[in-house]
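1. I need the structure of the sequence given here:
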Amino acid sequence: MTAIGIQLGIIVGYLFLALAIGLLAYRVTERTAEDFYLASRSFGTIVLLFTTFATLLSAFTFFGGPNLAYAQGPEWILVMGLMDGIIFAILWYVVGYKQWLIGNRHGYVTLGEMLGDRFGSVGLRGLVAGISLFWLFPYVMLQQMGAGAALSGLTAGALPFWAGAALVTVFMIIYVVLAGMRGIAWTDTVQGAFMLVITWVAALWVLDAVGGAGAATAAVAESNPEFLALGSAFYTPEYMLSTAISIGFGVAMFPQVNQRFFTANSETVFKRTFILWPVLVVLLFVPAFLLGTWAAGLGIDVPAGENVVPILLNEYTPVWFAALVIAGAMAAMMSSSDSMLLSGSSYFTRDVYRPFIDSDISDRREDLLGRVGVVVFATATFFASLSQPGTLIEIGDLAFSGFAQLAFPVLVALYWRRTTLSGMYAGIGGSQLFYLLSVFTPFVPATYFGWNASIVGMLLGLFLTVAVSAATTAAADERQSRFFSGVDR
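-> Numbering: from 1, shown residues only. Below you'll find the model as predicted:
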């Protein structure tokens, strides 16, 4: 069998294994929206930890991060591995725990549903869903781009970009339509543990092939000595902090992550998982991003539009092992994509279709509509991915920052009784408008003294939410008790 045949056989075999787990989950999944979207709120510590972990193991992590370390140096470890691990762990408790208490008491499935009920507004519910679907689109597209580039690089161009993107799209559509949250979580647990182990094995294998960590670091010192100094013209303190903050707060608002705040089966489970989170993140991101850094010193040539990790592994590890790592990375990307598609589907069916089109829709019909929505959304992102509108880091940062604009209004609503519907509209709408103008028009600067416009937009959202809430009174339909009565622990 040819090398390409071995590579594709391993990758497709791994994807079919994931699909088999999805089929098993389909047999025990109830045909209700809550079971399809939240697995009936039944996750224990290991499943909740690893399904959240695997959901975030995207093309942004496995390919975008090493690519940036290859081009600019290893400080990306500090941004994603250390600062983001800590920031998101704090938000997991500050946002997630309060959200779990509220959701567990009132049976909420989505963030928009929770906010809409608290403020008595289907308009706010639809606004949160619409914003979330808007920013979810580029992040799903990013996974398809990562898969297409990974397979093209692994097979030295024998499998074109579009075919790799199509392959992962087909598998994730089938998987999500069949499996729902339960199947996704089961597969995530296996894939998260697998990727943690295989990434370390890959790093050690490459180091063994080049003579150890000392030799790899010496090669970097010779070819890119600036990589061994902390900071650079690219890695400024302002850039690193603003990027870490945007990503950390954005992750907390990602639909596929935020919904997992509703799925823990107990308070103990929830508290254990956020404590373990930073450890798990550092254990994965350090070897992944060092692979990119070492590749720069080893003289690995990465053609434009391709990813460094598949090329590095093809150079220093056997064909079957390189294919196994990429298969795992693709499965991790599929874990991100399937979770995004599932959450996006729930946001559409529960926060757009149900309140604005058919409020009497049955659970079975909502379940069917959600599965159809997955097919439509994934197909649209696939065709958009073919244009490759930016790098994985650029597209990922765009989506993270867009979601981050939701964070402060949500935090204020969760903890300040005086928050009003007018304040929420002002905070969410104002910060989103500012950030959109900074991205898509020349009229609003993208940076402010080195700080990203995302940070300015977040602060604007905080100010508007508090100021407008203080200046207005609660409408008759607003229900403060939803967030404060019986959920203060």
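
2. please count neighbours and contacts with C-alpha atoms only from this point.
-> OK.

3. ok, now which ones touch the residue positioned nearest the centre of the chain?
-> With distances taken as CA atoms, centre = their mean, residue 56 lies nearest the centre of the chain, 4.3 Å away. Residue 56 sits next to residue 336 when contact means CA atoms under 8 Å, 6 or more residues apart in numbering.

4. can you say which helix or strand has residue 123 in it?
-> Secondary structure from DSSP states H and E places residue 123 in helix 122-154.

5. who are the packing partners of that helix?
-> Helix 122-154 sits against helix 59, helix 111-118, helix 161-210, helix 308-316, helix 319-348, helix 363-385, helix 392-404, with contacts defined as 3 or more CA pairs under 8 Å, 6 or more residues apart in numbering; DSSP states H and E.

6. after the longest one, which helix or strand is next?
-> Reading on from helix 161-210 to the C-terminus, the next helix or strand found by DSSP H and E is helix 213-223.

7. and whichever helix or strand comes after that following helix, which residues are buried?
-> Using DSSP H and E, the helix or strand that follows helix 213-223 in sequence is helix 237-253. For helix 237-253, a neighbour-count test (16 or more other CA atoms under 10 Å) marks 239-253 as buried.

8. which stretches of the stretch 1-150 of the chain form helices?
-> All helices of the stretch 1-150 of the chain, identified by DSSP state H, counting those that start in this stretch, fall at 3-28, 33-38, 45-56, 59, 65-72, 76, 84-91, 98-106, 111-118, 122-154.

9. okay, the ones you listed in a markdown table with distance to residue 383 next?
-> Converted to a markdown table, the helices of the stretch 1-150 of the chain look like this (distance: least, CA to CA, whole Å):
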| stretch | distance to residue 383 |
| --- | --- |
| helix 3-28 | 21 |
| helix 33-38 | 26 |
| helix 45-56 | 22 |
| helix 59 | 17 |
| helix 65-72 | 24 |
| helix 76 | 30 |
| helix 84-91 | 31 |
| helix 98-106 | 35 |
| helix 111-118 | 28 |
| helix 122-154 | 9 |
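
10. select, out of those, the one closest to residue 424.
-> With CA to CA, the closest approach to residue 424 among these belongs to helix 122-154: 8.0 Å.

11. so what's the residue count around the residue lying closest to residue 255 once chain neighbours are set aside?
-> The shortest distance from residue 255 to any non-neighbouring residue, by CA to CA, 6 or more residues apart in numbering, is to residue 343 (5.6 Å). Neighbour count for residue 343, taken as other CA atoms under 10 Å: 30.

12. so residue 343 sits against residue 258, correct?
-> No - with contact defined as CA atoms under 8 Å, residue 343 does not reach residue 258; the gap is 9.2 Å.

13. picking that back up, and of the helices and strands packed on helix 122-154, who's closest to residue 423?
-> Nearest to residue 423 among the helices and strands packed on helix 122-154 is helix 111-118; the distance by CA to CA comes to 12.5 Å.

14. hmm, who's touching that closest one?
-> Counting by CA under 8 Å, 6+ apart, 103, 108, 122-129, 255, 258-259, 347, 350-351, 478-480, 482-483 sit against helix 111-118.

15. I'd say residue 100 and residue 258 touch.
-> No - taking contacts as CA under 8 Å, residue 100 lies outside contact range of residue 258: 9.9 Å.
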